[in-house]
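Participant: got a structure for you, letters missing:
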Ligand SMILES: Nc1nc2c(c(=O)[nH]1)N=C([C@H](O)[C@H](O)COP(=O)(O)OP(=O)(O)OP(=O)(O)O)CN2
């Protein structure tokens, strides 16, 4: 089937750590310079009109998303909702705790791809739903990339809801921490 995707890339630097034990080398806080690339597909594909010949102006299609990446992900810290570092920030630097990207379980590249795909999907739906996320790719390092296509809500851990479903600039739901973590 014929059709266009608009493809946008944005770089950001981030810090995270993985505490589950699955990748022990990544258990201390460290950072990556990452690139997120998204494929946006028209929900009602149409022939070019012979005048403007655009699916939609690039600037319009990407403005909100890139603002989110630049102001919420770039120079941000990503932590599991069960990470005790969250308690430290809440106690000592609460204004900075509000900026932490909090994920259900370890903030792996796979999990981030799902959360970001859902967030962008919420933005696009809130902006009229003319475009939808066809795929997302996160290059964590020059040698590691994760790509996801499909409905992120089907692949996120079961039973969790959070900031990724809201069409706003939020990156955490710190109240979740009390209900999700045993210790
Ligand atoms: N499936 C996943 N595995 C790992 C993830 C992940 O997000 N998903 N993340 C990490 C760490 O973040 C780590 O910093 C990077 O992984 P790793 O490939 O082990 O390390 P290098 O960048 O040094 O890899 P080279 O290809 O050898 O340069 C770990 N695993």
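Facilitator: The structure has been received and is ready for your questions. For clarity, every value in this text was computed on a predicted model and none was experimentally measured.
Participant: buried residues, the longest strand anywhere in the chain. List them.
Facilitator: Taking DSSP state E as the criterion, the chain has its longest strand at strand 30-42. Neighbour-count burial for strand 30-42 flags 32, 34, 35, 36, 38, 39, 40, 42 (criterion: 16 or more other C-beta atoms under 10 Å). Heads up, the C-betas are built off the backbone N, CA and C, glycines and all.
Participant: list the beta-bridge partners for the nearest residue to residue 31 once chain neighbours are set aside.
Facilitator: Nearest-residue entry for residue 31: residue 15, 4.3 Å, with adjacent residues in sequence omitted and distances by C-beta to C-beta, 6 or more residues apart in numbering. Taking DSSP bridges, one finds residue 31, residue 77 as the beta-bridge partners of residue 15.
Participant: which residues in this structure form strands?
Facilitator: Secondary structure of the chain (DSSP E): strands located at 6-16, 30-42, 76-80, 101-103, 131-141, 144-149.
Participant: list the buried residues of stretch 62-75.
Facilitator: By neighbour count on 16+ other C-beta under 10 Å, the buried set for stretch 62-75 is 62, 64, 65, 66, 68, 69, 72, 73.
Participant: stretch 107-115 too?
Facilitator: Neighbour-count burial for stretch 107-115 flags 107, 108, 109, 111, 112, 113, 114, 115 (criterion: 16+ other C-beta under 10 Å).
Participant: how about the residue most central in space within the chain, what does it touch?
Facilitator: By C-alpha atoms, centre = their mean, the mean C-alpha position of the chain lies nearest to residue 116, the distance being 2.1 Å. Contact analysis of residue 116 by C-beta atoms under 8 Å, 6 or more residues apart in numbering lists 36, 136, 138, 164.
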